[in-house]
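Colleague: Pasting a predicted model and its sequence here:
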Amino acid sequence: MTSASPDIVIVGGGIGGGALASVLARDGIKIVVLERESVFPDRVRGEWIAPWGVAEAKRLDLLNLLREHGGLCISRNVLYDEIWPSDAAEQHAMDMTVMHPEAPGALCIGHPLMCNILHDAAVKCGVRFIRRVEHIEVTPGARPAVSFVHDGVTTTLSPRLVIGADGRNSQVRKRLEFRVEADPPHSIICGMLVANVPDWPRDVQAIGTEDRLHYLVFPQGKDLVRLYACYDFADRARFAGPDKQAQMLRAFRLNCLPLGEAIAAGTPIGPLNGVSNEDHWIDDPTVPGVVLIGDAAGHNDPITGQGVSITLRDVRLMRDILLSGGGDWSQSDFAPYVEERRERMRRLRIAARLARQLRVEFGPDAKARRARVTMRAAERRLSPYPAVLIGPERLPPEAFLPETIENLFAA
């Protein structure tokens, strides 16, 4: 048994853990990061950063780093949808460069690549990054403790603070029995990385719905695109079996999607993974000596792709609190983070529920409703949906009221 006393132990070395470690280590804080994986896997998520999240990356001085290593700025979002012809979709394409005054648009970058970039930045700043860690145990308190096994050796650390950044299946959250709230599952979303699609523009993303499928297309480096498909639980067998990747490619032969054939001719180069669509949240992601961030603290429904943006906001708020010098890192010092995150996630839940109703409900009535709301959005009617692009705090409270959504949906 060995022991040590860094300032902070971060459990989880993915996007949240790597980003927070790197920005804190710049200011001389001694940090140990514990990571289970020896190599960051393709988790089929966390690869699109909304404009408000890009602004957070810029505030953390991480944006240039991500762009230098392959991050693609997305300037246009095209709603290729069965509600109108493709030329109308292109005419009404959303200009992503004007969504936030501090962001050049959205950003696409692979999840494993982002994890590796942030890992390298953290190590360069002096962070001790330990991989292949097992049997992590966290004891909360005024002086918390973390024990773990690495290469057969048990180590106990006694930091001033433990930060849980270990994702949706957070062991820190489970061991400390945080209460997690959740919406009922609504639908299924699955994704896959595809190569050999050189015709797809590198600065354009596309979303839309046709028949019983909602789809999303995001470019990555070279000739890569990340595909997502959302569908009803009744269609759960749609992408199953030994040829599920081929089934996924064929699904993109859509009448509304001009480059659907080019996508269908691509080559799958990653796993096809699916999860259910719903929100999970924690009212207060802190206990004495421990704070949760990112997906460990609760995640938004992936239908709107807010995961990385939420995490980067968490990192920025944690950085500001920890470097303020005005507290002793006691639980009460993190009250501003708890309060801001609670309201942020509440607003994003409302926006995600709207997106689910519009995009992943099918049939003639749903199609007509989607067309009405799309046109009303073009008229700049008040709506909670822009929160997922410009940031939830930049909309008035009225945008999130039930009557606002009723007015959007009204026939």
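Modeller: All right, it came through fine.

Colleague: CA atoms for contacts and neighbours, from now on please.
Modeller: Fine.

Colleague: for stretch 388-406, how far is the first residue from the last?
Modeller: Criterion C-alpha to C-alpha, to the nearest Å; first-to-last residue distance in stretch 388-406 is 19 Å.

Colleague: Now do it: everything it contacts.
Modeller: With contact meaning C-alpha atoms under 8 Å, 6 or more residues apart in numbering, stretch 388-406 is reached by 50-53, 99-100, 304, 306, 344, 347-348, 350-351, 354, 382-384, 386-387.

Colleague: same question, stretch 21-34
Modeller: 6-13, 17, 60, 118-119, 121-123, 125-131, 133, 319, 323.

Colleague: Now do the helices in the stretch 1-150 of the chain.
Modeller: Listed in chain order, the helices of the stretch 1-150 of the chain (DSSP state H, counting those that start in this stretch) span residues 15-25, 51-59, 63-68, 86-91, 111-124.

Colleague: Which residue lies nearest the spatial centre of this structure?
Modeller: G307 (1.6 Å; C-alpha atoms, centre = their mean).

Colleague: ok, for it, nearest residue in space, not its chain neighbours?
Modeller: Sequence neighbours aside, G46 is the residue nearest to G307 in space, at 6.0 Å (criterion: C-alpha to C-alpha, 6 or more residues apart in numbering).

Colleague: which ones are touching the one you found?
Modeller: 110-111, 305, 307-308.

Colleague: Restricted to strands, list these.
Modeller: Residues from the contacts of G46 lying in strands, with DSSP state E as the criterion: none.

Colleague: buried stuff in stretch 253-271?
Modeller: Counting neighbours by 16 or more other C-alpha atoms under 10 Å, one finds that the buried residues in stretch 253-271 are 253-257, 260-268, 270-271.

Colleague: In strands, which of those appear?
Modeller: When DSSP E is applied, those are split such that 267-268 fall in strands.

Colleague: Show me what the helix or strand hosting Y215 is packed up against.
Modeller: Per DSSP states H and E: Y215 is located in strand 213-219. Here strand 213-219 touches strand 204-210, strand 225-231, going by 3 or more C-alpha pairs under 8 Å, 6 or more residues apart in numbering; DSSP states H and E.

Colleague: With just CA atoms, put it into CSV.
Modeller: Taking only C-alpha atoms (Å, rounded to 0.1, in the frame of the first residue of the first chain), the coordinates of strand 213-219 have been written out as CSV:
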residue,chain,number,x,y,z
LEU,A,213,-36.4,7.5,-39.6
HIS,A,214,-34.7,10.6,-38.3
TYR,A,215,-31.1,10.9,-39.4
LEU,A,216,-28.0,13.1,-38.8
VAL,A,217,-24.8,13.4,-40.8
PHE,A,218,-21.7,15.1,-39.4
PRO,A,219,-18.4,15.3,-41.4
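
Colleague: could you check the angle strand 225-231 makes with it?
Modeller: Angular relation of strand 213-219 and strand 225-231 on a 0 to 180 degree scale: 160 degrees, by axes from the mean of the first three to the mean of the last three C-alpha atoms, to 10 degrees.

Colleague: contacts for strand 213-219?
Modeller: Strand 213-219 has contacts (C-alpha under 8 Å, 6+ apart) with 48, 72, 108, 200-209, 225-231, 252, 359-360.

Colleague: how about H280, what does it touch?
Modeller: Taking C-alpha under 8 Å, 6+ apart as the criterion, H280 is in contact with 180-183, 298-301.
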